[in-house]
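Visitor: coords please:
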Amino acid sequence: MYSFIVLGHIPGTNLNISFEVWIIITIAAFLVLYRTWPRIQTFFDELEHPKIVRQPLHANQLHQRAV
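Guide: Residues are numbered from 1 along each chain as shown. Prediction:
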């Protein structure tokens, strides 16, 4: 993994990633994160504070009959 990060060589292949490609990958990652951050934040907010969803009740669930 160290050779992949420092030298840009992907182990097991003949692919080398140049400095320019690292810059493009970094910019693309920031753009994707910037575009998806509101959805990510909403997802985690809903995990912490779930919304209470009220289901409509049928009439027989509202009234009890005297026995």
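Visitor: For the rest of this, base every contact and every neighbour count on C-alpha atoms.
Guide: Will do.
Visitor: Show me how far the longest helix that the chain contains is from its chain's centre.
Guide: Longest helix of the chain, by residue count under DSSP state H: helix 19-48. Between the centre of helix 19-48 and the centre of its chain there are 8 Å (C-alpha atoms, centre = their mean, to the nearest Å).
Visitor: Kindly spell out which helices and strands sit in contact with it.
Guide: Where contact means 3 or more C-alpha pairs under 8 Å, 6 or more residues apart in numbering; DSSP states H and E, helix 19-48 is not packed against any helix or strand.
Visitor: Find me the pLDDT at the spatially most central residue of the chain, would you?
Guide: Centroid-nearest residue in the chain, with C-alpha atoms, centre = their mean: Ile40, separated by 5.0 Å. Model confidence at Ile40, given as pLDDT, is 90.
Visitor: ok, His58 to Asp45 distance?
Guide: Distance of His58 to Asp45, computed by C-alpha to C-alpha, to the nearest Å: 32 Å.
Visitor: who's more crowded, those two?
Guide: Asp45 (11 against 8; other C-alpha atoms under 10 Å).
Visitor: Ile27: how many residues sit nearby?
Guide: 12.
Visitor: quick one: it from Thr13, how far?
Guide: 25 Å.
Visitor: How confident was the prediction at Tyr34?
Guide: pLDDT recorded at Tyr34 is 94.
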